[in-house]
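> One predicted model, sequence on top.
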Amino acid sequence: MSNVLNRPIRVLVAKVGLDGHDRGAKVIATSLRDAGMEVIYTGLRQTPEMVVNTALQEDVDAIGISILSGAHMTVFPKIIALMKQKQVTDVLLTGGGIIPDSDMKKLQEMGVGELFAPGTTMTTIVAYIKNWVAVNRNF
């Protein structure tokens, strides 16, 4: 699918909270960059407020949260609430990590996009972001 934006897709990759395991986030960031996307990696120990503010400042098309700490049912709803509060309604919120299937379903019902478990191929993640942007960010 071609990029309808006539510019690289901009993705913010973030680690929220005290989760210090960032290898997966760095692999994702590199893979997205290698796929032609512009990636902003926030580094470790971000707050939901920092993530949403950075997304606004960087005018991103997607936010990808890497979470391994088990705090996904706190982190994602907080980011969704902040995005709504700041009227960030046309940016994909996606992510992955150690998230039980039942929690993935609940988060998606709240408005989170596709969530990816360990072992998901990079081509699957890249295709998902490209397809979402083509449908939702074609302005």
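Happy to help now that I have it.
> Next up, the contacts around the residue nearest to the spatial centre of the chain.
For the chain, the residue nearest the mean C-alpha position is residue 64 (1.4 Å; Cα atoms, centre = their mean). Counting by Cβ atoms under 8 Å, 6 or more residues apart in numbering, residue 64 makes contact with 11-14, 25, 28, 32, 94-96, 129. For glycine as for every other residue, the C-beta is placed from the backbone atoms N, C-alpha and C.
> from those residues, which is closest to residue 114?
residue 94 (5.7 Å; Cβ to Cβ).
> Torsion angles phi and psi at that closest one?
phi -130, psi -180 (degrees, to the nearest 10).
> what does residue 38 give?
The phi/psi pair for residue 38 (degrees, to the nearest 10) is phi -90, psi 120.
> what do you get for residue 8?
Torsion angles, degrees, to the nearest 10, at residue 8: phi -60, psi 140.
> separation between it and residue 76?
From residue 8 across to residue 76, the span is 25 Å (Cβ to Cβ, to the nearest Å).
> do the same with residue 28
From residue 28 over to residue 76 (counting by Cβ to Cβ), the distance is 16 Å.
> The worst-scoring helix or strand of the chain on mean pLDDT: which residues count as buried?
Ranked by mean pLDDT, DSSP states H and E, the weakest helix or strand in the chain is helix 23-34, scoring a mean of 94. For helix 23-34, the neighbour count (16 or more other Cβ atoms under 10 Å) marks 24-25, 28-29, 31-32 as buried.
> hey, C-alpha coordinates of that helix in CSV?
Output in CSV follows, covering the C-alpha atoms of helix 23-34 (Å, rounded to 0.1, in the frame of the first residue of the first chain):
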residue,chain,number,x,y,z
ARG,A,23,15.3,-4.1,23.8
GLY,A,24,12.0,-4.9,22.1
ALA,A,25,11.1,-1.2,21.7
LYS,A,26,14.5,-0.5,20.1
VAL,A,27,14.0,-3.5,17.7
ILE,A,28,10.5,-2.1,16.8
ALA,A,29,11.9,1.4,16.3
THR,A,30,14.7,0.2,14.1
SER,A,31,12.3,-2.0,12.0
LEU,A,32,9.9,0.9,11.5
ARG,A,33,12.7,3.1,10.5
ASP,A,34,14.0,0.5,8.1
